[in-house]
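Participant: Got a predicted structure plus its sequence, pasted below:
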Amino acid sequence: MKNDLLIESFNLDGERYNLYETKDYLQFEDLFVSSGLEFYLDETEEKVGGFVKGFSLKKADGCLIGGSALAVKEGHYVLNDLAVYKEHRGKDLGELLFKVSMEELKKMGASSIYITAKVPEFFRKYGFYYLDLEDVPDIFSCKTCSQLNKTCHPKFMKYDCE
């Protein structure tokens, strides 16, 4: 729980959960990889490029069950990653992480928020919309990847803050 700040504790279905703000990106490796998300580190070998902070959702015993990573890349605000372990899905925990992450990005000054979505339907219901490739800022490495639209089909999306 290095660099973790307790934000909220709550009970759900007889389980106790703790939500933390964190600077520890490395704790998310297994979560993000097992959820089918990419996990690349910058030159520090401690975080993804532009990482500012994240939110970790843990059971009372400290077991990580979900997390999100917020980044600022070349002045663009990014919800870089958001995942909940498969066995904990369906309890609105992803929605909780999403809402906390979006609020924090807005507090940080975001006028718009970018994502590459693995589950775009989730984000569309909250106001994200698809971007054409030419409208995507050069902040995502997958935009220039040789596998783009061959074996990998990311959905670039944007949300306009109000």
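Facilitator: That came in fine, so what should we check first? Owing to the predicted nature of the structure, the values given are computational and were not obtained by experimental measurement. Residues are numbered from 1 along each chain as shown.
Participant: Can you give me the distance of the residue lying farthest from the centre of the chain to Gly90?
Facilitator: The centre of the chain is farthest from one residue, Gly14, which by CA atoms, centre = their mean lies 26.3 Å away. When distance is defined by CB to CB, to the nearest Å, Gly14 is 15 Å away from Gly90. (C-beta placed from N, C-alpha, C; glycine too.)
Participant: now do Lys47
Facilitator: With distances defined as CB to CB, the gap from Lys47 to Gly90 amounts to 30 Å.
Participant: same deal with Glu121?
Facilitator: Glu121 is 15 Å from Gly90, by CB to CB.
Participant: Check Val72 too.
Facilitator: When distance is defined by CB to CB, Val72 is 32 Å away from Gly90.
Participant: And the next helix or strand past the helix-or-strand element of the chain with minimal mean pLDDT?
Facilitator: Lowest by mean pLDDT, DSSP states H and E among the helices and strands of the chain is helix 29-34, with a mean of 91. On the C-terminal side of helix 29-34, the closest following helix or strand by DSSP states H and E is strand 51-59.
Participant: Neighbouring strands - and their directions - for that next one?
Facilitator: strand 15-22 (antiparallel), strand 64-73 (antiparallel) (DSSP bridges).
Participant: Okay, buried residues for that strand please.
Facilitator: Buried residues in strand 51-59, counted by 16 or more other CB atoms under 10 Å: Phe51, Val52, Lys53, Gly54, Phe55, Ser56, Leu57, Lys58.
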